[in-house]
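Visitor: no sequence for this one, just the structure:
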């Protein structure tokens, strides 16, 4: 089936009891058993929930995966993936990564004997060089947050298969509409469903997708054992939202390209980071492994004073954490999403105080450009 057809129908069938077209919210903590040891495949709400299963099947289908495992947040999904490792394991990680992921790895998992090496994975040679005898996983974001640097998915998959490593891709920024890492040989894909997959800024959630049955069995065990599962209502909201994912992503992409071009011509902007611009260093790679460029872009205004004035003056863009909603958001990575990353490491990666990250929504793009223009003018 085509992407939009799968987005609307995958994992969903009319309710067997009533014929309801929309998957019901199975808001229950437990299930009646017919007799001792006999049930309908459902025993306890943390372990099984029909609404959650529908969501897992839906997003797995969109990612061209066999298995989906849903969690209560994106970080809970990342945590469970890291639980695939044992003490003494070494992980190669994209250096320009979401601050929450960095915090989880650097401040928590390091204390349990997991070693991390932060690498510019946009240079595949550096990934090869970083592999050690105890390396067990390569974890990448592509594009990265917030500098929108890309990593060659096929190249990472090749290295991981050669050295028997688990390859993991955070695909939150692109969604399966624009990028499907499993098709390039990646083992595990994860999302913060809080972002584009839900797209309406009213749910916290995460999901992991894989084609590997052993990884799936372990993650399914962890989902139940750790218990970080999403509520049935949150699953229902996200399942409702994926139905419009394709039309939303088209508009996010269209608006972001126009704003990126506008900012690149504005004399107050020193640099624009957006893979859809031909001057982006990874533009050709973006064309090869992505079918669009997404709704995220970052601009360097060079001055924290100018940044503060812009953030205070925007009227349609909302100064807020998060991204991927239908409404446009604006943020300051150095003090918001990446505040947990030490300043010297932030600056080494290029996350300066002059950066503004734009999560471009689906409003009329003329209004968004006018909003940015008046904010810069002030």
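Guide: The structure has been received and is ready for your questions. The shown structure was predicted, so the numbers you read here are calculated from the model rather than taken from an experiment.
Visitor: in stretch 109-117, what counts as buried?
Guide: Within stretch 109-117, the residues that qualify as buried by neighbour count (16 or more other CB atoms under 10 Å) are 109, 114-117. Bear in mind the C-beta positions are built from the backbone N, C-alpha and C, glycine included.
Visitor: Which elements pack onto the helix or strand hosting residue 80?
Guide: Here residue 80 sits within helix 74-82, counting by DSSP states H and E. Packing partners of helix 74-82 (3 or more CB pairs under 8 Å, 6 or more residues apart in numbering; DSSP states H and E): strand 67-71, helix 99-103, strand 188-192, strand 206-210, helix 213-226.
Visitor: neighbours of the closest residue to residue 252 other than its chain neighbours, just the number please.
Guide: Counting by CB to CB, 6 or more residues apart in numbering, residue 295 is the residue found nearest to residue 252 once chain neighbours are left out, at 3.1 Å. Other residues within reach of residue 295, judged by other CB atoms under 10 Å, total 32.
Visitor: Residue 295: what's it in contact with?
Guide: 196, 249, 252-253, 255-256, 324, 359-361 (CB atoms under 8 Å, 6 or more residues apart in numbering).
Visitor: The closest residue to residue 239 other than its chain neighbours: what secondary structure?
Guide: Nearest-residue entry for residue 239: residue 55, 4.7 Å, with adjacent residues in sequence omitted and distances by CB to CB, 6+ apart. Reduced to three states with DSSP: H, G, I helix; E, B strand; the rest coil, the structure at residue 55 is helix.
Visitor: Residue 55 touches residue 12, doesn't it?
Guide: No: Residue 55 is not in contact with residue 12 according to CB atoms under 8 Å; the separation is 9.3 Å.
Visitor: Please enumerate the shared neighbours of these two.
Guide: In the contact map built from CB under 8 Å, 6+ apart, the residues linked to both residue 55 and residue 12 are residue 239.
Visitor: which of the two has more neighbours?
Guide: More neighbours sit around residue 55 than around the other of residue 55 and residue 12, counting by other CB under 10 Å; the figures are 30 against 17.
Visitor: which ones are touching the more buried one?
Guide: For residue 55, the contacting residues are 11, 68, 70, 207, 230, 235-236, 238-239, 242, by CB under 8 Å, 6+ apart.
Visitor: tell me which residues of stretch 340-359 are tucked away?
Guide: In terms of neighbour count (16+ other CB under 10 Å), stretch 340-359 has its buried residues at 341, 346, 349-359.
Visitor: Sitting in strands, which of these do you find?
Guide: Taking DSSP state E, the ones among the buried residues of stretch 340-359 that sit in strands are 355-359.
Visitor: could those be laid out in TSV, adding distance to residue 278 and pLDDT?
Guide: Rendered in TSV, the data for these read as follows (distance: CB to CB, whole Å; pLDDT from 0 to 100):
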residue	distance to residue 278	pLDDT
355	21	96
356	22	97
357	21	97
358	19	98
359	23	98
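Visitor: possible to save these as a markdown table with distance to residue 92?
Guide: Rendered in a markdown table, the data for these read as follows (distance: CB to CB, whole Å):
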| residue | distance to residue 92 |
| --- | --- |
| 355 | 25 |
| 356 | 30 |
| 357 | 25 |
| 358 | 29 |
| 359 | 28 |
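Visitor: Name the nearest of these relative to residue 144.
Guide: Within those, the smallest distance to residue 144 is 11.4 Å, found for residue 357 (CB to CB).
Visitor: wait, the closest one sits on residue 331?
Guide: Yes: shown here, residue 357 and residue 331 form a contact pair, counting by CB under 8 Å, at 4.9 Å.
Visitor: Could I get the full set of helices for the stretch 101-250 of the chain?
Guide: Counting by DSSP state H, counting those that start in this stretch, the stretch 101-250 of the chain has helices at residues 124-130, 153-163, 175-178, 213-226, 232-242, 245-264.
Visitor: which of the ones you listed is buried the deepest?
Guide: Between the helices of the stretch 101-250 of the chain, helix 175-178 has the highest mean count of neighbours, a mean of 26, where neighbours are mean count of other CB atoms under 10 Å.
Visitor: what's in contact with it?
Guide: 3, 59, 62-64, 191, 196-197, 245-246, 249, 253, 290-294.
Visitor: One more pass at 7 Å, please.
Guide: Around helix 175-178, the neighbours that count as contacts under CB atoms under 7 Å, 6 or more residues apart in numbering are 3, 62-63, 196-197, 245-246, 249, 290-292, 294.
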